[in-house]
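Peer 1: Need the 3D shape of this:
(one chain, ligands or ions: 2)
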Amino acid sequence: MVNSGCELAVKDLLAAFESEVNAHASYKAFAVKAEEEGLYGAASLFRAAARAEQIHAANHGRVIRQMGGEAKAEIHPVQVKTTLENLKSALSGEQNEIQSLYPGFLKSATSHLDTSAMRTFIWAIEAEKTHARLYSGAIALVESGKADAWTQAELAFYVCTLCGYTAKHREAENCPACNFLWERFEVIR
Ligand SMILES: [Fe+2]
Ligand SMILES: [Fe+2]
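Peer 2: Residues are numbered from 1 along each chain as shown. Ligands and ions are numbered 1, 2, ... in the order given. Sure, this is the predicted structure:
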């Protein structure tokens, strides 16, 4: 690491990496719980979001290594509650990343013209917005107790393998966040 700007970027990237690695672990555990509750669609959503967070962690990790750092993170124990509570906790985590964590990191990366860090942060923010929308929808449905809700159905989600953008349906020819071909999205059930 050659200058303070670079060290700062690595510090932010490591914090983001840790956040993504832990979100991945939480969502995998939340998916198991949702299956137990018969909320198969919610379980698929957790698995899809978990895959997206893994993609974010890999993207951040690549930039960390490019800057001479080592991508490592502490995994915290996961608190698994009911699926409704897990969805709310997942939503609040996403909102924190969208509103606070990533904008701060992005501002700093932008001020240092650090394009690699900027790109991985922007991609993560855009994907986390899709998670927040999907979690909000799932919360409303689980709270409503509707019998034909997608949260209960066997469902497939699409995850962009480049940026982690997550969708319930095919939305376009290309990823709305990173422009990657939709054919290259991964289908997560
Ligand atoms: Fe997310
Ligand atoms: Fe994408």
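
Peer 1: going forward, measure contacts and count neighbours with C-alpha atoms only.
Peer 2: Fine.

Peer 1: buried sites along stretch 143-156?
Peer 2: Within stretch 143-156, the residues scored as buried using 16 or more other Cα atoms under 10 Å are 149, 150, 151, 152, 153, 155, 156.

Peer 1: Convert it to PDB, retaining C-alpha atoms only.
Peer 2: Taking only C-alpha atoms (Å, rounded to 0.1, in the frame of the first residue of the first chain), the coordinates of stretch 143-156 have been written out as PDB:
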ATOM      1  CA  GLU A 143     -47.700 -10.000   7.700                       C
ATOM      2  CA  SER A 144     -50.900 -10.200   5.600                       C
ATOM      3  CA  GLY A 145     -51.000 -14.000   6.000                       C
ATOM      4  CA  LYS A 146     -52.300 -14.400   2.500                       C
ATOM      5  CA  ALA A 147     -52.500 -18.000   1.400                       C
ATOM      6  CA  ASP A 148     -51.400 -17.500  -2.200                       C
ATOM      7  CA  ALA A 149     -48.500 -15.200  -1.500                       C
ATOM      8  CA  TRP A 150     -45.200 -15.800  -3.400                       C
ATOM      9  CA  THR A 151     -43.400 -16.000  -0.100                       C
ATOM     10  CA  GLN A 152     -45.000 -19.500   0.200                       C
ATOM     11  CA  ALA A 153     -44.500 -20.700  -3.300                       C
ATOM     12  CA  GLU A 154     -41.600 -22.600  -4.800                       C
ATOM     13  CA  LEU A 155     -39.800 -19.800  -6.700                       C
ATOM     14  CA  ALA A 156     -36.800 -19.000  -8.800                       C
END
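
Peer 1: Please list the outside residues in contact with that stretch.
Peer 2: The contact list for stretch 143-156, computed with Cα atoms under 8 Å, 6 or more residues apart in numbering, reads 38-44, 84, 138, 141-142, 168, 187-189.

Peer 1: Compare these and tell me which is most surrounded.
Peer 2: Neighbours here are counted as other Cα atoms under 10 Å. On that basis the top member of the contacts of stretch 143-156 is residue 42, with 31 neighbours.

Peer 1: distance between the ends of stretch 91-105?
Peer 2: Distance across stretch 91-105, first residue to last, is 20 Å (Cα to Cα, to the nearest Å).

Peer 1: quick revisit: ok, the buried residues of stretch 143-156 vs residue 100, which is closest?
Peer 2: Of all the buried residues of stretch 143-156, the one with the least separation from residue 100 (Cα to Cα) is residue 151, at 28.3 Å.

Peer 1: got a list of what the nearest residue in space to the closest one that is not next to it in sequence touches?
Peer 2: Nearest residue to residue 151 in three dimensions, chain neighbours excluded: residue 41, at 4.0 Å (Cα to Cα, 6 or more residues apart in numbering). By Cα under 8 Å, 6+ apart, the residues touching residue 41 are 150, 151, 152, 153, 154, 155.

Peer 1: and residue 23, what element?
Peer 2: Here residue 23 is covered by helix 4-36, with elements defined by DSSP states H and E.
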